[in-house]
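Chemist: Below are the sequence and a predicted model for it; my questions follow.
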Amino acid sequence: QFPRECVTPEGLRSGQCCPSPSGLNDDPCGSSTGRGECVSIAVDSRQHGPQYPHDGRDDRERWPVRFFNRTCQCNGNFSGFNCGRCRHGWTGANCDQRINVVRRNVMQLSADEKRAFVNALDQAKRTVHPDLVIATRRYAEIFGPDGNTVQFENITIYNYFVWTHYFSVSKTFLGAGQASFGGVDFSHEGPGFVTWHRYHLLQLERDMQDMLQDPSFALPYWNFAIGGSTCDICTDDLMGARSSFDMNSLSANSIFSQWRVICESVEDYDTLGTICNNTETSPIRRNPAGNVNRPMVQRLPEPQDVADCLQVNAFDTAPYYSTSSESFRNTIEGYSAPKGNYDPVVRSLHNLAHLFLNGTGGQTHLSPNDPIFVLLHTYTDAIFDEWLRRHGPDAAVYPEENAPIGHNRGYNMVPFWPPVTNAEMFLTAPENLGYSYEAEWPGQPFTLTEIITMTIVAALVLVAVIFAATTCAVRARSYKMEGHQPLLGEQYQRYGEEKSQSVV
Ligand SMILES: O=C1C=c2cc(C(=O)O)[nH]c2=CC1=O
């Protein structure tokens, strides 16, 4: 969440995080080369929705000013915590060349490409993040017991991806002996669901590109809208087959059976006010379609569900929450039925895919520990991008105020650094963010009226053709019987026919 070089006791006390890309002392944000400047962070102070009544009690409010109030503001296409790199979609020493990576269907990768992707994830699970560290205590305890030992930890690239999700969904600690407040979620149940998860994936993709030193590396996607109760990517060459010994575990032939999850100790976090760290505990659990208590989540979404949700016109609707009806966002998130009508018992699309996994991937505070999360969310993002392409919305359709805390258009997304707003991710990806999807979208089936109309038209055409053919035949026969020349000239005689035969 913060650059390693900013989280010294002095750095935190100053509230300033403006490192230099050159490592020089007097060059914050690369200002000497025009890359950027160190500026005050202006957080959007518009009202959030009524779901969160504990203003002032949570470090994530008005993100990130509880920790830092000055950051780098980069010029042009420069970007990053020290303006040392380029914005998504740009490359080159001056960040003036366009770049685009293509996210493909994971099932359509070659055997070598699948192996490379699985190995890259495994490498990310083991590689310490080169720049960022995580807070392991709330701000109230961030300087440690002696007031001078800051409570931050290194974390691996993949575990950072898991941790950011956990941090965004964790409860608000209200004090020892008091129940933590769970009605808060900075990345779900609001318009920020699509924008937050988009940035989350971009961050992982960028970190993996750097780790692999391959700027063309792209995360693939899982088309989870295939119906049925089979997890097609749960094979040992991809996300891991089911173990033959334990239906909730992964096959020993999959590298992911060796992964251990982080952020499992929710009881501690909620009662002691501690925060998840990089400590790994149990293996991934997964039992696709195996939730016997909830038959509704034993099947994956259908292709038609995707077609239907892409037709929902409004991006989001009041109260911009998990109860919104006729909202594209609430539909793709999966709290509404695929055609957009809100129904509290429904779980569809993204939510249904999570719950179908029935294990680590189905619990919000843990779900990214299962690498299926990456593929599930790239597909969710692909649907969001297709919706943006088809509907071409103005930025103004994204609510500016009264969305749940964290979800207003101008709010910075928690806990990313440098600060990035929801609005910055509400743009079509190929033109603005440097990636695109190679995907086909399910078509709309015909309505009953369309089927009836088409049947009538086809029947009329058939009758017309039969009538025309019959009329021609009758005319030709009567013409011939009246002693006229045949309609075909002699140049059209069949081979082998005598010329004289054609003379009547
Ligand atoms: O990881 C997640 C798990 C989820 C479960 C539901 C649900 O609808 O009950 N939603 C989820 C979202 C997640 O991101």
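Modeler: Looks like it arrived, so ask away.
Chemist: Next one: whichever residue of the stretch 201-350 of the chain sits closest to the ligand from His407, what distance?
Modeler: Per Cβ to the nearest ligand atom, Arg347 is where the stretch 201-350 of the chain lies closest to the ligand, at 5.1 Å. C-betas here are computed from N, CA, C, even on glycine. For Arg347, the distance to His407 equals 20 Å [Cβ to Cβ, to the nearest Å].
Chemist: How about Ile226?
Modeler: 30 Å.
Chemist: Tell me which of the two has more neighbours.
Modeler: Using other Cβ atoms under 10 Å, the more surrounded residue of Ile226 and His407 is His407, with 30 against 15.
Chemist: Tell me the predicted confidence for the nearest residue to the more buried one once chain neighbours are set aside.
Modeler: Leaving aside its sequence neighbours, His407 sits nearest to Gly190 (Cβ to Cβ, 6 or more residues apart in numbering; 3.3 Å). Among the per-residue scores, Gly190 shows a pLDDT of 98.
Chemist: Same question for Gly182.
Modeler: So, for Gly182, pLDDT stands at 97.
Chemist: how much space is there between the closest residue to it other than its chain neighbours and Leu109?
Modeler: Leaving aside its sequence neighbours, Gly182 sits nearest to Lys171 (Cβ to Cβ, 6+ apart; 4.7 Å). Counting by Cβ to Cβ, the separation of Lys171 from Leu109 is 38 Å.
Chemist: Just give me the neighbour total for the residue in the stretch 351-500 of the chain positioned nearest to the ligand.
Modeler: Closest approach between the stretch 351-500 of the chain and the ligand, counting by Cβ to the nearest ligand atom: Ser367, at 3.0 Å. Number of residues near Ser367 (other Cβ under 10 Å) recorded here: 23.
Chemist: close enough to count as contact, it and Gly359?
Modeler: No. Ser367 sits out of contact with Gly359 when judged by Cβ atoms under 8 Å, with a separation of 9.5 Å.
Chemist: Around the ligand, pick out the residues from the chain.
Modeler: For the chain, the contact set with the ligand under Cβ under 6 Å from any ligand atom comprises 188, 347, 351, 354-355, 362-364, 367.
Chemist: hang on, the residue of the stretch 201-350 of the chain closest to the ligand packs against Ser336?
Modeler: No. Under the criterion of Cβ under 8 Å, Arg347 makes no contact with Ser336, lying 9.9 Å away.
Chemist: For these two, indicate the residue with more neighbours.
Modeler: Looking at Arg347 and Ser336 with other Cβ under 10 Å, you find the greater number of neighbours at Ser336, namely 30 against 20.
Chemist: which residues touch that one?
Modeler: If you count contacts by Cβ atoms under 8 Å, 6 or more residues apart in numbering, Ser336 has them with 324-327, 330, 342-343, 346, 348.
Chemist: The same query, at a cut-off of 7 Å, please.
Modeler: Neighbour list for Ser336: 325, 327, 330, 342-343, 346, 348 [criterion: Cβ atoms under 7 Å, 6 or more residues apart in numbering].
Chemist: do Thr317 as well
Modeler: 324-327.
Chemist: would you list every one of the strands in the stretch 1-150 of the chain?
Modeler: Remark: strands assigned in the stretch 1-150 of the chain by DSSP state E, counting those that start in this stretch are 2-3, 16-17, 36-40, 70-74, 78-79, 85-86, 90-91, 97-98, 101-103, 132-135.
Chemist: could I get those as a markdown table with mean neighbour count and mean pLDDT?
Modeler: Formatted as a markdown table, the strands of the stretch 1-150 of the chain follow (neighbours: other Cβ atoms under 10 Å; pLDDT from 0 to 100):
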| stretch | mean neighbour count | mean pLDDT |
| --- | --- | --- |
| strand 2-3 | 22 | 98 |
| strand 16-17 | 22 | 98 |
| strand 36-40 | 16 | 98 |
| strand 70-74 | 22 | 98 |
| strand 78-79 | 23 | 98 |
| strand 85-86 | 21 | 96 |
| strand 90-91 | 17 | 96 |
| strand 97-98 | 12 | 97 |
| strand 101-103 | 18 | 98 |
| strand 132-135 | 23 | 98 |
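Chemist: Dump those strands to CSV, plus distance to Thr164.
Modeler: Formatted as CSV, the strands of the stretch 1-150 of the chain follow (distance: least, Cβ to Cβ, whole Å):
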stretch, distance to Thr164
strand 2-3, 12
strand 16-17, 17
strand 36-40, 23
strand 70-74, 17
strand 78-79, 18
strand 85-86, 19
strand 90-91, 24
strand 97-98, 28
strand 101-103, 20
strand 132-135, 8
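Chemist: hmm, which helix or strand of the protein has the shakiest average pLDDT?
Modeler: Here the helix or strand of the chain ranked lowest by mean pLDDT, DSSP states H and E is helix 448-481, holding a mean of 68.
Chemist: For the ligand, see how far away Thr71 is.
Modeler: 28 Å (Cβ to the nearest ligand atom, to the nearest Å).
Chemist: what's near enough to touch the closest residue to the ligand within the stretch 151-300 of the chain?
Modeler: Residue of the stretch 151-300 of the chain nearest the ligand, by Cβ to the nearest ligand atom: His188 (5.8 Å). His188 makes contact with 169, 333, 364, according to Cβ under 7 Å, 6+ apart.
Chemist: Put the buried members of those into a ChimeraX selection.
Modeler: Those of the contacts of His188 that meet the burial criterion (16 or more other Cβ atoms under 10 Å) are gathered into one ChimeraX selection, given here:
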select :169,333,364
